[in-house]
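1. When you get a sec, could you give me coordinates for this:
(chains A, B, C and D)
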2 protein chains.
Amino acid sequence: MKQRRQNAILQIIEETCIRTQDELSEALQSRGFDVTQATVSRDIKELCLLKKPTAGGSRYTAPAKEGFRESVGRVHSIFHSAVKTVDYAMHTIVIHTLPGMADAAAITLESMEWPEILGTIAGDDTVLVILRDGETAARIAGRLSEMLK
Amino acid sequence: MKQRRQNAILQIIEETCIRTQDELSEALQSRGFDVTQATVSRDIKELCLLKKPTAGGSRYTAPAKEGFRESVGRVHSIFHSAVKTVDYAMHTIVIHTLPGMADAAAITLESMEWPEILGTIAGDDTVLVILRDGETAARIAGRLSEMLK
DNA sequence: TATGTTGTTTCATAAAAATTCACCTCTTTC
DNA sequence: GAAAGAGGTGAATTTTTATGAAACAACATA
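-> Modelled structure (predicted):
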């Protein structure tokens, strides 16, 4: 059901100019999918749709990159399941993972393309992340911790 | 000032991962630009920044297309200044413009790439817009009227 | 000097989107 | 069959974003 609904969403935003999540949920209603804005919000997040600014107000569209959609959802879950703790000192963050998972965690980190991250080094169960400065390290460490919740 | 601030914004979102407009206005504060979220919201609209979904939450980025930024702002103003009235019947919308401006209005319409619009025909001071059906015509006509405000 | 005019900003608030929490409905496992 | 776990959802709420109105500044005009 969810799968079919998300396909419908992709089709709808292709065919019509959808500007809000309420509009989208109405469009779905008229196709027999009875969902609320809350669900649409989650679908949009999963599909990685983006709200593109155009002349007559903004509009939801599918992301340019293909294959992008599939990857993003997984990155989060890989990171989530691999990482045990996140700590930091000076301008470096230390991430402890399950044994053998450090490399996977590092790759997901890289894939996020956060500009603050200068680079990562992965051992077996530890990833070292190098940031520009201590303040940045604190901020990014906080964000990574958030991702574990 | 505004110009310089918007340049700063482009640089900031390039260098750091900005996830909300509040974050952005704080980043601006620390660079000496003392602005509120309201202003940031308008800057983002003018710069046509988009909020791109990624693994660790979404993030503002510059649009892919270059030259995109300049064009979008203008489309709206051209349409606004050229068009006098918008009306519709059946599955067609009739737009009256200032003399000689119909072509310009039609071109801006096309540039919006609204999927509901099958096509346009421009005379001297009139544009005919062909939609899929009457319901769509009513909806799109409403939207175009909105743009005149 | 008074009087627009235009562009930009903030404040307050409305609108839109994300999230929390509770509750379902299935599976799986004992 | 009961209990536990995983997915998925809606209602209500919070957070984030957009906007209307008023204020202000810079500049031109009478």
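
2. what secondary structure does the nearest residue to A:K51 once chain neighbours are set aside sit in?
-> Leaving aside its chain neighbours, A:K51 sits nearest to A:S58 (4.9 Å; criterion: C-beta to C-beta, 6 or more residues apart in numbering or on different chains). Just so you know, the C-beta spots here come from the backbone N, C-alpha and C atoms, and that holds for glycine as well. Following DSSP: H, G, I helix; E, B strand; the rest coil, the label given to A:S58 is strand.

3. Report the beta-bridge partners for A:S58.
-> Counting by DSSP bridges, A:S58 is bridged to A:P53.

4. List the contacts of it.
-> Neighbouring residues of A:S58 by C-beta atoms under 8 Å, 6 or more residues apart in numbering or on different chains: A:R19, A:K51, A:K52.

5. 10 Å - rerun?
-> The contact partners of A:S58, by C-beta atoms under 10 Å, 6 or more residues apart in numbering or on different chains, come to A:C17, A:I18, A:R19, A:T20, A:L50, A:K51, A:K52, B:K45, B:C48, B:L50, B:K51.

6. With A:A106 instead?
-> Applying C-beta under 10 Å, 6+ apart to A:A106 gives the contacts A:79, A:82, A:95, A:97, A:119-123, A:126-129.

7. hmm, which of those residues are the buried ones?
-> With burial judged by 16 or more other C-beta atoms under 10 Å in any protein chain shown, the buried subset of these is A:F79, A:A82, A:I95, A:T97, A:T120, A:A122, A:T126, A:V127, A:V129.

8. is it possible to export those residues to TSV including secondary structure, distance to A:L10 and pLDDT?
-> Formatted as TSV, those follow (DSSP: H, G, I helix; E, B strand; the rest coil; distance: C-beta to C-beta, whole Å; pLDDT from 0 to 100):
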residue	secondary structure	distance to A:L10	pLDDT
A:F79	helix	26	77
A:A82	helix	30	81
A:I95	strand	35	90
A:T97	strand	34	86
A:T120	strand	33	88
A:A122	strand	35	87
A:T126	strand	40	92
A:V127	strand	35	90
A:V129	strand	35	90
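
9. Contact partners for A:P115?
-> By C-beta under 10 Å, 6+ apart, the contact list for A:P115 reads A:R132, B:I12, B:I13, B:E14, B:E15, B:T16, B:C17, B:I18, B:R59.

10. go again using 6 Å as the cut-off
-> B:E15 (C-beta atoms under 6 Å, 6 or more residues apart in numbering or on different chains).

11. Please apply the same query to A:G134.
-> Taking C-beta under 6 Å, 6+ apart, one finds A:M90, A:H91 in contact with A:G134.

12. all strands for chain A, in order.
-> Using DSSP state E, the strands found in chain A span residues A:50-54, A:57-61, A:83-89, A:92-97, A:117-122, A:126-131.

13. For DNA strand D, find the nearest of the ones you listed.
-> Closest approach to DNA strand D among the strands of chain A (C-beta to the nearest atom of the strand): strand A:57-61, 6.4 Å.

14. near DNA strand D at all, the closest one?
-> Yes. Contact of strand A:57-61 with DNA strand D (C-beta under 7 Å from any atom of the strand) involves A:G57, A:S58.

15. any idea of the angle that strand forms with strand B:50-54?
-> Counting by axes from the mean of the first three to the mean of the last three C-alpha atoms, to 10 degrees, strand A:57-61 lies at 20 degrees to strand B:50-54.

16. So for strand A:57-61, mean pLDDT?
-> Averaging pLDDT along strand A:57-61 gives 86.

17. Domain parsing of chain A, as residue ranges.
-> Domain segmentation of chain A under automatic domain parsing yields A:2-61, A:68-148.

18. Mind telling me which of those the model trusts least?
-> Sorting these by mean pLDDT places domain A:68-148 lowest, at a mean of 83.

19. Now do that one: distance to the chain's middle.
-> 14 Å (C-alpha atoms, centre = their mean, to the nearest Å).

20. Is it positioned near DNA strand D?
-> No. Using C-beta under 7 Å from any atom of the strand, we find that domain A:68-148 stays clear of DNA strand D, coming within 9.0 Å at best.
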